[in-house]
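*Asks:* structure, please.
(chains A and B)
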Protein chains: 2
Amino acid sequence: MKSTYTFSDNLANMKPSAIREILKRTADPSIIPFSAGNPAAEAFPVEDVRRITAQVLGESPVLALQYSVSEGYSPLRDAVRKMAEERYGVGTPEDDLIITSGAQQGVEMTCKVFCNRGDVILAEDPSFIGSLNAFRALGARLAGVPMEEDGISVERLEAALRENQNVKLIYVIPNFQNPSGITMSAEKRKAVYDLACKYDIVIIEDNPYGDLRFAGEDIPPIKALDTEGRVVYCGSFSKILSPGLRVGYVLAPKAIVGRMVVAKQCEDVHTTILSQLICERFLCECDLDAHIRRIREIYRKKCGLMLENMEEHFSPKVSFTRPQGGLFIWCTMPEGSDMLDFCRRAVEEEGVAVVPGTAFMADENTPTTSFRMNYSTPSDEKIIQGVERLGRLTREFVR
Amino acid sequence: MKSTYTFSDNLANMKPSAIREILKRTADPSIIPFSAGNPAAEAFPVEDVRRITAQVLGESPVLALQYSVSEGYSPLRDAVRKMAEERYGVGTPEDDLIITSGAQQGVEMTCKVFCNRGDVILAEDPSFIGSLNAFRALGARLAGVPMEEDGISVERLEAALRENQNVKLIYVIPNFQNPSGITMSAEKRKAVYDLACKYDIVIIEDNPYGDLRFAGEDIPPIKALDTEGRVVYCGSFSKILSPGLRVGYVLAPKAIVGRMVVAKQCEDVHTTILSQLICERFLCECDLDAHIRRIREIYRKKCGLMLENMEEHFSPKVSFTRPQGGLFIWCTMPEGSDMLDFCRRAVEEEGVAVVPGTAFMADENTPTTSFRMNYSTPSDEKIIQGVERLGRLTREFVR
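*Replies:* As a prediction, the model looks like this:
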């Protein structure tokens, strides 16, 4: 008799993400991939990585190949703490730092450490689907809080804090948010932190894109305000060095990091040590500032090219964000538009993949006429060609 | 006001493992580390890894540094399926394969996919603490089934299947089990599989050490019997290539792997792609058979050296297993011995670290007079010196 399977309640009903299904189509090289979220291939410091990796395997092969500790390679932890303090002004003597397998694992483990099944996480609506799915897979319930031009609606956040039982975490991406491209103002960062204090809640501050600012002025992270030990700050090497290496980190109060070390032992023992050694040498030996200046310029140009062409070709009835950094532009069609049909026709008729906004909502049934576009993955030629085709479709679609 | 934290029920009460605390002491280089579980440093194919890594970064740097897919690098998945079929006789057209961040993640995700909080997992008693903790961290309840010389007690396993409600999984390590060193006989593998069929249960077969056989004859995995799609087979490159690269795999029925891909997206998106590329080239370009013959010889010698010295120096009242492979020897003192005191005195007075058997029990309060010794990590000199010191202590301790 063949076995039938009774899966856990948390995993039984999860679908592979809508993005994933659309990304499958983009394996077809004839499809223009505005649906992806990859760093630009030309942003990788390939020569540095080659040299550093050869050094590491030449000098310390056993260190690079042997088991290591769950909290992460100690010299890397020190170098990241130093970088976090110097670049972002975050980290106090009451904080500790753990290396994670990408910021994804940091966000996921924070949920694991705090949430029982049924506990509530408040998230920006829309928000990053990878984090939303991680919360769902652990049985947390999501409540979305609408976004405004300068970040999460503080009024609605407070309402959600009052209305929901068992809220454990507030999840925000303050810089060049995925998918909206929106940056939270300094005033709102302070207001969100004050609400966390008032309602005795912990904030997950996810900042994978913070270094990719190509316009406007840096705004200090919420973590920089953290006198009460309420902010779990998740950072990553994915956008400044390489996502394939899978190295991120969490800077958080010691008691929280202590629980995360236990969780990490159970998930993957430790993050690939060769990756950690590469990141450590990269921070210590290479000119990070110069590298970041170079990649910001790449993204500034690509974003500008996409926006310029959107302004020329898109129906004026479609509005879109003008991000100051990061990888994404959020487009919104007039109320009543059938956005899902638009996305379907975009890929099937025009050969251009974008991601339907529903994928990013805390509740996938929340109506939205928005979709996400990415400018870091496609070549300049593809940006021009794809925006022109999409533009034609918007004019046909939104009369 | 400083924040206080209310952690999740699953994580709030977990302690860092006892092994971890003992391992901390072994950071002191004057302590002889019979407590570890690391592959021997001389078993790493350093030259191969250097050459392959330079090739990969020379030829395919963007592939090696960019985001990849959650199920794993397709050529590696193919190469591992081929290896699993040729070397172990496992894998059918109804199975699929996912690359995991070490076998640890494969075991952990299997629990996540199947178990609600409070569901029961039956495990060999003793068993691998990393897996037991992964199950605990997901809220599963553990029920231990005693080990016999030829593996798990089949009678007690059936009793446990009858007595426990909501048993979801049976977790076994059939080859050179960690910590006992015991190998499950072919008869028992069949009996365990038959019980899984009778009670409609899924088996996790964890086989990290299978290639490290240095005595006796290979026994086919339980997975080779799997006509009903009930066995989740977890393998790893940690013991044959490198644990630091964090590459393992799960071979299981397609529906199960499908759920695991969703779980993996949420945990770490994908396994370090540079590590996957190194493993793929290693399988395709290097002589795996010759490499495995070489490392088996290393472990055969180290195990023989430890056993020989134990026979000479240990009190005859201390019994111990004679493993046919793997990394561990399991020692048992006479009933009534204060094993915890023995382990404490071993490290404090003799400078030799071993792991108390309690660390490996499904219920840490199960009385045991056993402790675990490892021969792969210490040098030959340290093996001789450490066993002599421990032997002196056994004779003093067990009169």
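*Asks:* average model confidence for the longest helix seen in chain A?
*Replies:* Secondary structure of chain A per DSSP state H: the longest helix is helix A:288-313. Helix A:288-313 carries an average pLDDT of 98.
*Asks:* okay, now the nearest residue to A:K254 once chain neighbours are set aside: neighbour count?
*Replies:* In this structure, A:K254 finds its nearest non-sequential neighbour in A:D96, 4.5 Å apart by Cβ to Cβ, 6 or more residues apart in numbering or on different chains. (Glycine included, C-beta is placed from N, CA and C.) Using other Cβ atoms under 10 Å in any protein chain shown, A:D96 has 20 neighbouring residues.
*Asks:* list the strands paired with the helix or strand encompassing A:D96, with their directions.
*Replies:* Per DSSP states H and E, A:D96 falls inside strand A:95-100. When pairing is defined by DSSP bridges, strand A:95-100 lines up against strand A:248-253 (antiparallel).
*Asks:* what mean pLDDT would you report for the strand it pairs with?
*Replies:* 98.
*Asks:* shaky segments in chain A?
*Replies:* For chain A, the stretches with pLDDT under 70 are A:1, A:16-26.
*Asks:* which stretches of it form helices?
*Replies:* Along chain A, counting by DSSP H, helices occupy A:9-12, A:18-26, A:46-59, A:61-65, A:74-88, A:102-114, A:129-137, A:154-163, A:186-198, A:254-267, A:273-285, A:288-313, A:339-349, A:380-397.
*Asks:* residues of the stretch 251-399 of chain A that sit close to chain B?
*Replies:* Within the stretch 251-399 of chain A, the positions near chain B by Cβ under 8 Å from any Cβ of the partner chain are A:253, A:255-256, A:259, A:261-263, A:265-275.
*Asks:* tell me the buried residues in the longest helix of chain A?
*Replies:* Buried residues in helix A:288-313, defined by neighbour count with 16 or more other Cβ atoms under 10 Å in any protein chain shown: A:288, A:291-292, A:295-296, A:298-300, A:302-303, A:305-307, A:309-310, A:313.
*Asks:* got the residues of the stretch 101-250 of chain A near chain B?
*Replies:* Residues of the stretch 101-250 of chain A found near chain B (Cβ under 8 Å from any Cβ) are A:101-102, A:104-105, A:108, A:112-117, A:119, A:130, A:133-134, A:136-138, A:168, A:197, A:200, A:202, A:228-230, A:238, A:242-246.
*Asks:* re earlier: hey, which of the helices of chain A is tucked in deepest?
*Replies:* The highest mean neighbour count among these, using mean count of other Cβ atoms under 10 Å in any protein chain shown, belongs to helix A:102-114: a mean of 28.
*Asks:* that older thread, how far out from the middle of the chain is the longest helix of chain A?
*Replies:* Offset of helix A:288-313 from its chain centre (Cα atoms, centre = their mean, to the nearest Å): 18 Å.
*Asks:* stretch A:181-196 now?
*Replies:* On Cα atoms, centre = their mean, the centre of stretch A:181-196 falls 17 Å from that of its chain.
*Asks:* contact partners of that stretch?
*Replies:* With contacts defined as Cβ atoms under 8 Å, 6 or more residues apart in numbering or on different chains, stretch A:181-196 is touched by A:147, A:149-152, A:154, A:157-158, A:161, A:170, A:172, A:174-177, A:201-203, A:216, A:219-222, A:225-226, A:230-231, A:321-326, A:328-330.
*Asks:* pull out the buried residues from those.
*Replies:* Judged by 16+ other Cβ under 10 Å, buried ones among the contacts of stretch A:181-196: A:147, A:151-152, A:154, A:157-158, A:161, A:170, A:172, A:174-177, A:201-203, A:219, A:221-222, A:225-226, A:230-231, A:321, A:323-326, A:328-330.
*Asks:* ok, A:D125 touching A:P146?
*Replies:* Yes. Assessed by Cβ atoms under 8 Å, A:D125 is found in contact with A:P146 at 5.5 Å.
*Asks:* more crowded one of these two?
*Replies:* Using other Cβ under 10 Å as the criterion, A:D125 and A:P146 rank with A:D125 on top: 22 against 14.
*Asks:* identify the residues contacting the more buried one.
*Replies:* Applying Cβ under 8 Å, 6+ apart to A:D125 gives the contacts A:G144, A:V145, A:P146, A:M147, A:F360, A:M361, A:A362, A:T366.
*Asks:* let's see that with 10 Å instead.
*Replies:* Shown in contact with A:D125 (Cβ atoms under 10 Å, 6 or more residues apart in numbering or on different chains): A:132, A:142-147, A:152-153, A:156, A:180, A:360-363, A:366, A:368.
*Asks:* wait, A:S60 sits on A:L277?
*Replies:* Yes. Contact criterion Cβ atoms under 10 Å: A:S60 and A:L277 qualify, at 7.1 Å.
*Asks:* is A:Y233 in a bridge, and if so with what?
*Replies:* A:E205, A:L251.
*Asks:* need the longest strand for chain A.
*Replies:* Criterion DSSP state E: the longest strand present in chain A is strand A:141-148.
*Asks:* what angle separates that one from helix A:154-163?
*Replies:* Counting by axes from the mean of the first three to the mean of the last three Cα atoms, to 10 degrees, strand A:141-148 lies at 160 degrees to helix A:154-163.
*Asks:* buried residues in strand A:141-148, which are they?
*Replies:* Using 16+ other Cβ under 10 Å as the test for burial, strand A:141-148 gives A:R141, A:L142, A:A143, A:G144, A:V145, A:M147.
*Asks:* what's the domain layout of chain A?
*Replies:* Listed by automatic domain parsing, the domain ranges of chain A are A:17-45+A:290-397, A:47-285.
*Asks:* possible to save those as a markdown table with distance to B:L11?
*Replies:* Putting these into a markdown table (distance: least, Cβ to Cβ, whole Å) gives the following:
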| stretch | distance to B:L11 |
| --- | --- |
| domain A:17-45+A:290-397 | 24 |
| domain A:47-285 | 5 |
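*Asks:* closest one to B:R50 among the ones you listed?
*Replies:* Nearest of the domains of chain A to B:R50, taken as Cβ to Cβ: domain A:47-285 at 4.8 Å.
*Asks:* start to end distance for that closest one?
*Replies:* 13 Å (Cα to Cα, to the nearest Å).
*Asks:* same deal with stretch A:325-341?
*Replies:* By Cα to Cα, one end of stretch A:325-341 lies 29 Å from the other end.
*Asks:* repeat for stretch A:35-45
*Replies:* Terminal-residue distance, stretch A:35-45 (Cα to Cα): 24 Å.
*Asks:* quick one: that stretch near chain B?
*Replies:* Yes. Judged by Cβ under 10 Å from any Cβ of the partner chain, stretch A:35-45 comes into contact with chain B through A:A36, A:G37, A:N38, A:P39, A:A40, A:A41, A:E42, A:A43, A:F44, A:P45.
*Asks:* in terms of secondary structure, what does the longest strand of chain A contact?
*Replies:* Contacts defined by 3 or more Cβ pairs under 10 Å, 6 or more residues apart in numbering or on different chains; DSSP states H and E place strand A:141-148 against strand A:120-125, helix A:129-137, strand A:151-152, helix A:154-163, strand A:167-172.
*Asks:* send me that strand as PDB with only the CA atoms.
*Replies:* Taking Å, rounded to 0.1, in the frame of the first residue of the first chain, the C-alpha atoms of strand A:141-148 are listed here in PDB:
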ATOM      1  CA  ARG A 141      -0.700  35.000  11.900                       C
ATOM      2  CA  LEU A 142       0.000  38.100   9.800                       C
ATOM      3  CA  ALA A 143      -1.700  41.400  10.100                       C
ATOM      4  CA  GLY A 144      -0.900  44.000   7.400                       C
ATOM      5  CA  VAL A 145      -0.500  47.700   8.100                       C
ATOM      6  CA  PRO A 146      -0.800  49.900   5.000                       C
ATOM      7  CA  MET A 147       2.100  51.800   3.600                       C
ATOM      8  CA  GLU A 148       2.200  55.500   2.900                       C
END
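*Asks:* thank you, goodbye.
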